[in-house]
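A.B. asks: pasting a predicted model and its sequence here:
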Amino acid sequence: MKLLARADHPLQAAIWADTLRAAGITCVVRNTALSGALGEIPFLECAPQLWLERDYDEPRAREILQQLREPLRGPAWQCSHCGETSEAQFGSCWRCGAARPD
């Protein structure tokens, strides 16, 4: 097992882990319940951690996490169902849930 990253909070760690798993990368999230010990235990030891099962997955996993950390750039798009405008990073309309047109 290899430590890949520390997240700011458990939800962020869960999103990262789910995204990596969807890409076929086996990983484990640790330290999701240590936030209550913050102050007694140093922050880096309390932060949720994302661990990889296989070392050879590291380059691809780092690439995926980098993509998650950087917002998608591009023009806003308009929903073909309800007409609402959404920013480029959203794949579905926040108002009605319709999928972004290709």
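C.D. replies: Noted; the coordinates are in hand.

A.B. asks: now do the helices in the chain.
C.D. replies: All helices of the chain, identified by DSSP state H, fall at 10-22, 43-46, 58-69.

A.B. asks: and the first one, average pLDDT?
C.D. replies: Read it as helix 10-22. For helix 10-22, the per-residue pLDDT values average out at 94.

A.B. asks: where do the strands sit along the chain?
C.D. replies: 2-6, 27-30, 49-52, 77-78, 85-86 (DSSP state E).

A.B. asks: quick one, which of the helices of the chain is nearest to Ala98?
C.D. replies: helix 10-22 (22.1 Å; Cβ to Cβ). For glycine as for every other residue, the C-beta is placed from the backbone atoms N, C-alpha and C.

A.B. asks: which other residues reach the closest one?
C.D. replies: Applying Cβ atoms under 8 Å, 6 or more residues apart in numbering, the set of residues contacting helix 10-22 from outside is 5, 7, 27-29, 32, 35, 48-50, 61, 64-65, 68.

A.B. asks: average pLDDT across stretch 92-102?
C.D. replies: Stretch 92-102 comes out at a mean pLDDT of 88.

A.B. asks: show me where pLDDT drops low in the protein?
C.D. replies: 34-45 (pLDDT under 70).

A.B. asks: now the helices of the chain in TSV, with distance to Arg95 and mean neighbour count?
C.D. replies: Converted to TSV, the helices of the chain look like this (distance: least, Cβ to Cβ, whole Å; neighbours: other Cβ atoms under 10 Å):
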stretch	distance to Arg95	mean neighbour count
helix 10-22	22	16
helix 43-46	38	13
helix 58-69	24	13
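
A.B. asks: out of those, the one nearest Ala88 is which?
C.D. replies: For Ala88, the closest of the helices of the chain is helix 58-69, at 13.5 Å, according to Cβ to Cβ.

A.B. asks: what's the closest one packed up against?
C.D. replies: Here helix 58-69 touches strand 2-6, helix 10-22, going by 3 or more Cβ pairs under 8 Å, 6 or more residues apart in numbering; DSSP states H and E.
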